[in-house]
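S.K.: The amino acid sequence is not available; the structure is as follows:
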């Protein structure tokens, strides 16, 4: 299913699903990049986020942003999507006025193309406490 988003710049982004192969390549590339990052989050309560947690998040973000492999996989997934009615290719962001749309477009294309891989999973078992055995 296609999705249309108006970016902060006013540009229209029309998201279209990439092929299974391109989506899986993006998924695997992100997973491979994240394997190399040591993530130590104490919890997801933003009130209790400490310097160590911020450093872990910074490392994750910069690892992903610095990856040429993720960039290539993103552009492979993005080529069916449209930015102001035009296919998304590297030249899309060549004009200085379009460069501010680059990271929002990357974020939306990545979310749109990897989210379906998680839709069939029931992750609630990871968050539920283990049942206590009945006492004898």
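M.R.: Nice, I can see it. Bear in mind the structure is a predicted one, so any value in this text is a computation, not a measurement.

S.K.: CA only for contacts and neighbour counts going forward, please
M.R.: Will do.

S.K.: which residue ranges form the helices in this structure?
M.R.: Assigned helices in the chain, in chain order: 20-35, 51-65, 68-78, 96-99, 102-118, 124-127 (criterion: DSSP state H).

S.K.: how many degrees apart are the third one and helix 20-35 in direction?
M.R.: Counting by axes from the mean of the first three to the mean of the last three C-alpha atoms, to 10 degrees, helix 68-78 lies at 150 degrees to helix 20-35.

S.K.: Run the chain-centre distance for helix 68-78.
M.R.: The chain centre lies 12 Å from the centre of helix 68-78; the measure is C-alpha atoms, centre = their mean, to the nearest Å.

S.K.: Also the fourth one?
M.R.: The chain centroid and the centroid of helix 96-99 are separated by 21 Å, computed with C-alpha atoms, centre = their mean.

S.K.: any idea of the mean pLDDT in that helix?
M.R.: Confidence over helix 96-99 (mean pLDDT, whole number) is 95.

S.K.: Same check on the longest one?
M.R.: In this model, helix 102-118 has an average pLDDT of 96.
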